[in-house]
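> would you be able to build a 3D model of this:
(chains A, B, C and D)
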2 protein chains.
Amino acid sequence: MTQPDGEQVLQTTAASLRIVEHILELGGASLRELVEATGLAKSTVHSHLHTLAAYGYVVNEDNRYHLGAKFCHLGDYVRTRKEYHRVAEEAVAWLANESTMDADFAVEEHGRVISLYGDLEFANSPRFLVDGSPFHVHTTASGKAILAHYDEERVRKILDRWGLPAPTERSITTEEALFAELERVREQGFAENDGEAIEGFWAVGKAVRSPRGEVYGSLNLSGPAYLVDDETRAAQVELLERAVDRFEREAAAMYRTPEDRGE
Amino acid sequence: MTQPDGEQVLQTTAASLRIVEHILELGGASLRELVEATGLAKSTVHSHLHTLAAYGYVVNEDNRYHLGAKFCHLGDYVRTRKEYHRVAEEAVAWLANESTMDADFAVEEHGRVISLYGDLEFANSPRFLVDGSPFHVHTTASGKAILAHYDEERVRKILDRWGLPAPTERSITTEEALFAELERVREQGFAENDGEAIEGFWAVGKAVRSPRGEVYGSLNLSGPAYLVDDETRAAQVELLERAVDRFEREAAAMYRTPEDRGE
DNA sequence: ACAACTCGTTCGTGGGAGGCGAACGTTCTT
DNA sequence: AAGAACGTTCGCCTCCCACGAACGAGTTGT
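Have a look, this model is predicted:
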């Protein structure tokens, strides 16, 4: 769950947002459950829910509160907002088709990694059940792939904010190790993740960048580690590289404007 | 845009939510634009944005505020929350494949109709450009299909809250006309919409219900009115009926439990 | 059938937090 | 270099949120 940083935030709004996240976490909740989860007074939670409901962010189905369908639309809007969204979707679809693994495209936001488009089979399987919450950058292939192209200061800022929690034994736990890993990523051109976020879950990721070097996000292939040997691993990297290459060329073409020609 | 009803709502939270919706409407906005849109003080808007950003609901890309990727996850959660979501997705995919029209599945929430799953080509075309915001029940095929199975009181409550605005000349504008239309929908088993929400945009919808008669939502086919003649119209209805039938049978099988057998 | 319990809703009050305006910082423009 | 435009920070005053208590509805047990 997302924690607020130490700074000054509007407590009323923050309480409402926390309630939303508790509903998400609990998969729908009764008033009582939310009172327990938040530690607020019954009447307080009630009025938050009332407000959220008035705006359509929450629905009440026989005394259990759920998130409203409005989030679907907001989500769709976010997904289609970026100019490159068609290209990204196509890339993911192509990868999912060519590979036996899961494919997705993830972006970094506020120092966390979030999957924007994805064709996820394994991740949703009972064996792994990846919850939707954003991942820490240092535990994912996508995060490392993206961070490898940031300058050191930007990386440090993220680490300062979120730290280096270790969800598994293989997770990176020191800044030193992370910066070494990022160097390795830059050298080999892609990032790998062998059970660093989720036990037994493997992934490769490669950053997608604009001609100017800004990082859009990262294309990734992932699946159960036991399916991966040297051969399949090489094949996944090969696929990724082709997908990223096409993505970057198409995005570049899309952004080309008269002034670019002049320069 | 969603308006709060007259009741007492938490003003701080409400202001934050309104800011979110303004960002959506404006497709990303600067602080100044939001100050103008909301009428609040610069510093006030700023602190709202700061709070929303702290929780990941808003991102700042070079001084323009956008909605955060977190909405994608919340949206995905909402979409997959309902137990029938797989069945609904399959039904939409099947319809989209069989028909030349757009297919979608919509639900009623807080008196508005919202499309949960959809394969929308025409609706996103420049000619129509359906914005994501929820529709009024009386202007859509899905809304009418759903309302036809509600009791009169429930329908009146919705009308009292939202009224009967007329986005086009063909829109239904009186309660009387709407109730007559709902009666017709019940008789023929499906609802039709000929440019009542959007000029030149046609749709048919049919409610999907549980064995107990609760309405899950409505499956719909839609597209440009100029593509529709008597023959295609009949074909769409035929497809819809088959899809709804399968949906209902599969959903019923899913919910069948030992106790249902006993009763 | 009644009482006891649980859970959701409503109401009135005090104190803290949110909204405002002014001042400051920063980035472009001319 | 001066000015404008915009984002950010600060401190105070007022209002509105958070609380607790009382109420109502629905459920269980004996």
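> which helix or strand contains the one residue sitting closest to the centre of chain A?
With distances taken as CA atoms, centre = their mean, the residue of chain A nearest its centroid is A:Ile114 (1.2 Å). For A:Ile114, the host element (DSSP states H and E) is strand A:112-119.
> how about that strand, does it reach chain B?
Yes. Remark: strand A:112-119 sits within contact range of chain B at A:112, A:114, A:116, by CB under 8 Å from any CB of the partner chain. (C-beta placed from N, C-alpha, C; glycine too.)
> which residues of the stretch 51-200 of chain A lie near chain B?
Counting by CB under 8 Å from any CB, the stretch 51-200 of chain A sits next to chain B at A:51-57, A:59, A:66-79, A:81, A:107, A:109-110, A:112, A:114, A:116, A:132-134.
> mind doing that once more with 6 Å?
A:51, A:54-56, A:59, A:67-69, A:71-75, A:77-79, A:109-110, A:114, A:116, A:132 (CB under 6 Å from any CB of the partner chain).
> among those residues, which are located in strands?
Per DSSP state E, strands hold the following members of these: A:59, A:67, A:109, A:114, A:116.
> now the helices: where do they sit in the stretch 101-250 of chain A?
For the stretch 101-250 of chain A, applying DSSP state H, counting those that start in this stretch gives helices covering A:141-147, A:152-162, A:175-188, A:230-255.
> wait, which of these is closest to DNA strand C?
DNA strand C lies closest to helix A:152-162 among those, at 14.4 Å (CB to the nearest atom of the strand).
> tell me the bridge partners for the closest residue to A:Asn220 other than its chain neighbours.
The shortest distance from A:Asn220 to any non-neighbouring residue, by CB to CB, 6 or more residues apart in numbering or on different chains, is to A:Gly205 (4.0 Å). Beta-bridge partners recorded for A:Gly205 (DSSP bridges): A:Ala191, A:Asn220.
> residues touching A:Gly205, list them.
When contacts are counted by CB atoms under 6 Å, 6 or more residues apart in numbering or on different chains, A:Gly205 touches A:141-142, A:145, A:191, A:218, A:220.
> repeat the analysis, applying 8 Å as the threshold.
Applying CB atoms under 8 Å, 6 or more residues apart in numbering or on different chains to A:Gly205 gives the contacts A:106, A:140-146, A:190-191, A:193, A:218-221, A:240.
> give me every residue in the stretch 51-200 of chain A lying close to DNA strand C.
Counting by CB under 7 Å from any atom of the strand, the stretch 51-200 of chain A comes close to DNA strand C at A:60, A:63.
> what about stretch A:92-106, start to end distance?
10 Å (CA to CA, to the nearest Å).
> so what touches that stretch?
Contacts to stretch A:92-106, defined as CB under 8 Å, 6+ apart, come from residues A:88, A:91, A:113-123, A:140, A:142-143, A:146, A:205, A:208, A:217-223, A:227, A:232, A:235-236, A:239-240, A:243, A:246.
> okay, now the domains of chain A?
Using automatic domain parsing, the domains assigned to chain A come out as A:11-72, A:82-255.
> ok, back up a step: just curious, which of the contacts of A:Gly205 is nearest to chain B?
The nearest member of these to chain B, counting by CB to the nearest CB, is A:Ala106 at 8.9 Å.
> and the gap between that closest one and A:Phe135?
8 Å (CB to CB, to the nearest Å).
> which one of those two is surrounded by more residues?
Between A:Ala106 and A:Phe135, counting by other CB atoms under 10 Å in any protein chain shown, A:Ala106 is the more crowded of the two (26 against 21).
> and for that one, nearest residue in space, chain neighbours not counted?
In space, A:Ala106 is closest to A:Ser142, 4.0 Å off (CB to CB, 6+ apart).
> then A:Arg18?
Nearest non-adjacent residue to A:Arg18 (CB to CB, 6+ apart): A:Thr38, at 6.2 Å.
> just the CA trace of stretch A:230-239, in PDB.
What follows is stretch A:230-239, C-alpha atoms only, in PDB (Å, rounded to 0.1, in the frame of the first residue of the first chain):
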ATOM      1  CA  ASP A 230      19.800 -20.500 -21.200                       C
ATOM      2  CA  GLU A 231      18.200 -21.100 -24.500                       C
ATOM      3  CA  THR A 232      14.800 -19.600 -23.700                       C
ATOM      4  CA  ARG A 233      16.500 -16.800 -21.800                       C
ATOM      5  CA  ALA A 234      18.400 -15.900 -25.000                       C
ATOM      6  CA  ALA A 235      15.200 -16.200 -27.000                       C
ATOM      7  CA  GLN A 236      13.300 -13.800 -24.700                       C
ATOM      8  CA  VAL A 237      16.100 -11.200 -24.900                       C
ATOM      9  CA  GLU A 238      16.100 -11.500 -28.600                       C
ATOM     10  CA  LEU A 239      12.400 -10.900 -28.800                       C
END
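> buried ones in that stretch?
Neighbour-count burial for stretch A:230-239 flags A:232, A:235-237, A:239 (criterion: 16 or more other CB atoms under 10 Å in any protein chain shown).
> swap in stretch A:147-163?
A:147-150, A:155, A:158-159, A:162.
> dump those residues into TSV; add pLDDT as well.
Output for the buried residues of stretch A:147-163, formatted as TSV (pLDDT from 0 to 100):
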residue	pLDDT
A:Leu147	95
A:Ala148	95
A:His149	94
A:Tyr150	92
A:Val155	91
A:Ile158	88
A:Leu159	89
A:Trp162	87
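> from those, which single one is nearest DNA strand D?
When the buried residues of stretch A:147-163 are compared against DNA strand D (criterion: CB to the nearest atom of the strand), the nearest one is A:Ile158, at 17.9 Å.
> what residues are up against the closest one?
Taking CB under 8 Å, 6+ apart, we find A:Ile158 in contact with A:111, A:137, A:147.
> likewise for A:Val228?
Per CB under 8 Å, 6+ apart, neighbours of A:Val228: A:202, A:236.
> recalculate using a threshold of 10 Å.
By CB atoms under 10 Å, 6 or more residues apart in numbering or on different chains, the contact list for A:Val228 reads A:101, A:192, A:194, A:202-204, A:222, A:235-236.
> by neighbours, which of the residues you listed wins?
Most neighbours among the contacts of A:Val228, by other CB under 10 Å: A:Ser222, with 30 neighbours.
> nearest residue to that one in space, please, no chain neighbours.
A:Ala203 (3.5 Å).
> kindly state the pLDDT recorded for the one you found?
Note on A:Ala203: pLDDT of 94.
> picking up where we left off before, near DNA strand D, list only the ones from the ones in strands among the residues of the stretch 51-200 of chain A next to chain B.
Of those, not one also sits near DNA strand D (CB under 7 Å from any atom of the strand).
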